[in-house]
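**Q** here are the coordinates; sequence isn't available:
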């Protein structure tokens with residue numbers, strides 16, 4: 001069985017990768033763009049939905065082009081600001097590292113928690129958008145939305161755990177394929193708009209509070225287009241030298257390409273009078289009006305689905321990287337910083353997969369509802385990052401002397417200050433106007449995660465203080481005596497092995513201890529013990545309520561009461577099995593005993609293993625040697 005499970009594991013997850021076999025990969029802009037830009041470009045598949053949905057609530061769909069233009073201006077502003085970010089700090093920690101090092105660890109924790117929640121909703125939104133594409137093409141599956149979304153997430157998780165080779169080449173096809181699809185859609189849309197000329201929906205001037213709220217909400221909701229920018233900003237280490245300059249160029253090209261794609265889809269939706277009242281993604285509704293042929297619609301859906309898959313898969317890796325950094329800083333469990341045999345941080349991938357599955361299942365893969373939860377985390381991190389960069393520019397201005405440097409730093413500070421104000425305005429609008437629609441979920445999750453991270457950090461700090469060597473620890477005081485206690489239920493080979501180990505340790509005193517739960521079995525143990533020359537006494541503990549744990553615990557405590565400075569070593573024979581189902585048949589009572597004994601001071605518990613035949617067969621399975629691989633970005 002173990003051989004079958006190992007073979008299945010290798011088939012699904014792949015062979016182990018040796019650390020020495022890794023070859024770091026650095027990319028030029030033309031390759032880095034599709035690898036790291038999928039997250040931002042994929043938002044074109046659902047950001048128009050957010051804008052149209054916000055305008056629909058105020059019956060202002062005629063303002064789609066103007067609101068899209070407002071979103072594009074925000075994208076360009078933050079694009080230039082983040083280009084300055086990545087040039088100043090070309091490392092892989094992104095906003096978390098920037099805020100932590102400039103504004104302090106507390107602000108860094110808020111940034112880290114916000115980004116983790118942002119990544120969680122990025123995966124959930126991408127999967128929900130992919131699900132909606134499927135439901136639009138096959139409407140009969142509407143009742144299975146949640147199941148389809150969770151199934152997509154499960155498959156995505158397996159792929160992320162395996163680590164796909166030649167990933168960069170696949171992403172090039174996906175990224176440029178989506179761009180080409182958008183270009184063809186625009187050309188066809190313009191060509192056929194003349195034949196089907198119809199007056200576009202007029203826009204009302206923002207003279208009433210209702211219209212103002214609709215316009216503000218549309219721009220803030222459309223700002224989901226910016227949420228992939230942090231992933232681009234943290235990709236500098238995967239660029240060729242000069243890393244900061246190349247990463248900044250990649251980021252700006254990705255922002256401009258995504259802005260053009262978003263504006264094009266928004267304009268087509270406005271031109272073809274897509275009002276948002278019909279079900280389905282705006283991109284596919286627009287394409288259906290333009291292409292008119294089912295196979296062309298499937299081509300659009302395939303290109304959009306591929307870019308959404310690529311974006312969500314990239315976030316799995318980014319979530320793991322950030323969680324690993326936070327774990328190393330003692331704000332998350334240490335296990336999240338450990339890589340498995342495939343050089344993957346499995347804990348981070350499984351965490352975001354499970355959390356996103358819950359979100360998708362609870363919301364029914366409803367993208368409109370998820371988008372309202374989406375923006376909060378990303379823009380909280382953006383605001384803190386830009387404030388940190390303002391502080392950085394201010395500090396450098398105080399030290400600079402050259403006029404050219406002073407002018408450059410002053411302009412950069414204005415850029416970051418403006419970006420911080422605009423991002424804060426977007427965050428405030430979303431938090432207020434979309435609060436009841438789902439923004440409160442993200443706010444609560446961030447607050448809870450920050451509290452948990454501080455609690456974890458306090459725990460690790462207390463542990464560190466407790467285990468740090470003190471001067472008095474250098475003079476090791478040996479215990480005055482050690483007492484060996486061998487737990488014996490019956491005389492068999494495992495018990496004799498435990499006795500042999502205990503004798504080899506040469507304790508001050510050594511005795512075998514049995515518990516009388518069955519009087520006849522206890523008498524048989526005494527008779528057998530008397531016929532052999534073990535060299536150690538046998539103590540039978542009475543257990544009127546047939547409990548193994550408490551009599552042994554009380555006996556060990558009695559030794560301590562007699563000699564508080566002595567150490568007691570308890571030897572517990574245990575079966576080692578080779579089949580998964582056999583684990584439920586053995587060691588249950590001794591596991592509970594070991595757990596409680598470890599809670600006693602100056603008690604050492606030694607588990608003495610006895611490998612059963614199934615375990616000996618399992619250990620004979622030959623290991624397949626690891627294969628070399630590349631370290632993919």
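**A** Structure's in. What do you need? The structure displayed is predicted, hence computed values, not measured ones.
**Q** what about this protein, any weak spots by pLDDT?
**A** Applying pLDDT under 70 to the chain flags the ranges 1-25, 163-167, 194-207, 339-345, 469, 472-477, 587, 618-633.
**Q** For it, which segments count as strands?
**A** 482-487, 509-516, 538-542, 567-576, 603-611 (DSSP state E).
**Q** How far away from the center of its chain is the longest one?
**A** For strand 567-576, the gap between its own C-alpha mean and the chain's C-alpha mean amounts to 39 Å (CA atoms, centre = their mean, to the nearest Å).
**Q** helices or strands up against that strand?
**A** strand 482-487, helix 493-504, helix 549-562, helix 588-597, strand 603-611 (3 or more CB pairs under 8 Å, 6 or more residues apart in numbering; DSSP states H and E). Just so you know, the C-beta spots here come from the backbone N, C-alpha and C atoms, and that holds for glycine as well.
**Q** Equivalent analysis for the first one, please.
**A** With contacts defined as 3+ CB pairs under 8 Å, 6+ apart, the packing partners of strand 482-487 are helix 493-504, strand 509-516, helix 549-562, strand 567-576.
**Q** hang on, the earlier thing: would you format the strands of the chain as TSV with distance to residue 55 included?
**A** As requested, those are arranged in TSV below (distance: least, CB to CB, whole Å):
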stretch	distance to residue 55
strand 482-487	73
strand 509-516	75
strand 538-542	78
strand 567-576	66
strand 603-611	66
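**Q** what's the most buried one of those strands?
**A** Across those, averaging neighbours per residue (mean count of other CB atoms under 10 Å) puts strand 482-487 on top, at a mean of 23.
**Q** Identify the residues contacting that strand?
**A** 495, 498-499, 502, 505, 507-514, 536, 552, 555-556, 559, 563, 566-573, 590, 593 (CB atoms under 8 Å, 6 or more residues apart in numbering).
**Q** If you count neighbours, what's buried in the longest helix along the chain?
**A** Secondary structure of the chain per DSSP state H: the longest helix is helix 294-328. Neighbour counts over helix 294-328 (16 or more other CB atoms under 10 Å) mark 296-297, 299-301, 303-327 as buried.
**Q** Please report the distance of residue 111 from residue 510.
**A** Using CB to CB, to the nearest Å, residue 111 is found at 58 Å from residue 510.
**Q** Now do the nearest residue in space to residue 271 that is not next to it in sequence against residue 268, distance only.
**A** Residue nearest to residue 271 in three dimensions, not counting chain neighbours: residue 193, with 5.5 Å by CB to CB, 6 or more residues apart in numbering. From residue 193 across to residue 268, the span is 8 Å (CB to CB).
**Q** do the same with residue 285
**A** From residue 285 to residue 268 the distance is 10 Å (CB to CB).
**Q** and those two? which has more neighbours close in?
**A** Neighbours were counted for residue 285 and for residue 268 using other CB atoms under 10 Å; residue 268 has more, 26 against 22.
**Q** which residues sit in contact with the closest residue to residue 232 other than its chain neighbours?
**A** Counting by CB to CB, 6+ apart, residue 232 lies nearest to residue 251, which is 4.4 Å off, once chain neighbours are set aside. Shown in contact with residue 251 (CB under 8 Å, 6+ apart): 79, 82-83, 86, 229, 232-233.
**Q** okay if I get the residues you listed as CSV plus neighbour count and distance to residue 353?
**A** Output for these, formatted as CSV (neighbours: other CB atoms under 10 Å; distance: CB to CB, whole Å):
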residue, neighbour count, distance to residue 353
79, 23, 30
82, 28, 28
83, 23, 32
86, 28, 28
229, 30, 23
232, 28, 23
233, 29, 24
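**Q** residue ranges for the helices of the stretch 301-450 of the chain, please.
**A** 346-363, 367-399, 403-433, 440-467 (DSSP state H, counting those that start in this stretch).
**Q** okay, these, which one's buried deepest?
**A** Buried most deeply of those, by mean count of other CB under 10 Å, is helix 367-399, with a mean of 23.
**Q** Disregarding flanking residues, what is the spatial nearest neighbour of residue 148?
**A** Nearest to residue 148 is residue 131, by CB to CB, 6+ apart, at 5.1 Å.
**Q** hang on, the one you found packs against residue 366?
**A** No - assessed by CB atoms under 8 Å, residue 131 is found out of contact with residue 366, at 9.5 Å.
**Q** of these two, who's got more company?
**A** A side-by-side neighbour count of residue 131 and residue 366, using other CB under 10 Å, places residue 131 first with 28 against 17.
**Q** how far away is the more buried one from residue 617?
**A** With CB to CB as the criterion, residue 131 and residue 617 are 45 Å apart.
**Q** that older thread, let me have the helices and strands packed on strand 567-576 in a markdown table, adding distance to residue 159 as columns.
**A** A markdown table is the format used below for the helices and strands packed on strand 567-576 (distance: least, CB to CB, whole Å):
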| stretch | distance to residue 159 |
| --- | --- |
| strand 482-487 | 48 |
| helix 493-504 | 44 |
| helix 549-562 | 46 |
| helix 588-597 | 36 |
| strand 603-611 | 37 |
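**Q** Out of the ones you listed, the one nearest residue 379 is which?
**A** The closest of the helices and strands packed on strand 567-576 to residue 379 is helix 588-597. By CB to CB, the value is 46.4 Å.
**Q** residues contacting residue 185?
**A** Residue 185 neighbours (CB under 8 Å, 6+ apart): 264-265, 268, 286-287, 290-291, 300.
**Q** from those, which ones fall inside helices?
**A** Per DSSP H, the contacts of residue 185 map to helices at 264-265, 268, 286-287, 290-291, 300.
**Q** on that earlier part again, quick check: neighbours shared by residue 131 and residue 366?
**A** residue 145.
**Q** measure residue 257 to residue 285 for me?
**A** Taking CB to CB, one finds residue 257 at 23 Å from residue 285.
**Q** The nearest residue to residue 235 once chain neighbours are set aside - how many residues pack around it?
**A** Excluding the flanking residues, the one nearest residue 235 by CB to CB, 6+ apart is residue 36, at 4.3 Å. Neighbourhood size, residue 36 [other CB under 10 Å]: 28.
**Q** Kindly state the beta-bridge partners for the closest residue to residue 604 other than its chain neighbours.
**A** Nearest residue to residue 604 in three dimensions, chain neighbours excluded: residue 569, at 4.6 Å (CB to CB, 6+ apart). In this entry, residue 569 is beta-bridged to residue 484, residue 604, by DSSP bridges.
**Q** which ones are touching the residue nearest to residue 148?
**A** Counting by CB under 8 Å, 6+ apart, residue 131 has contacts 145, 148-149, 152, 360, 365.
**Q** Ok, residue 602 next?
**A** Counted by CB under 8 Å, 6+ apart, residue 602 has contacts 479, 560, 565-568.
**Q** Of those residues, just say which sits nearest to residue 383.
**A** residue 567 (56.2 Å).
**Q** measure that closest one to residue 470 for me?
**A** For residue 567 relative to residue 470 (CB to CB), the value is 21 Å.
**Q** Same question for residue 568.
**A** 25 Å.
**Q** Repeat that for residue 229.
**A** From residue 229 to residue 470 the distance is 48 Å (CB to CB).
**Q** again with residue 604
**A** 22 Å.
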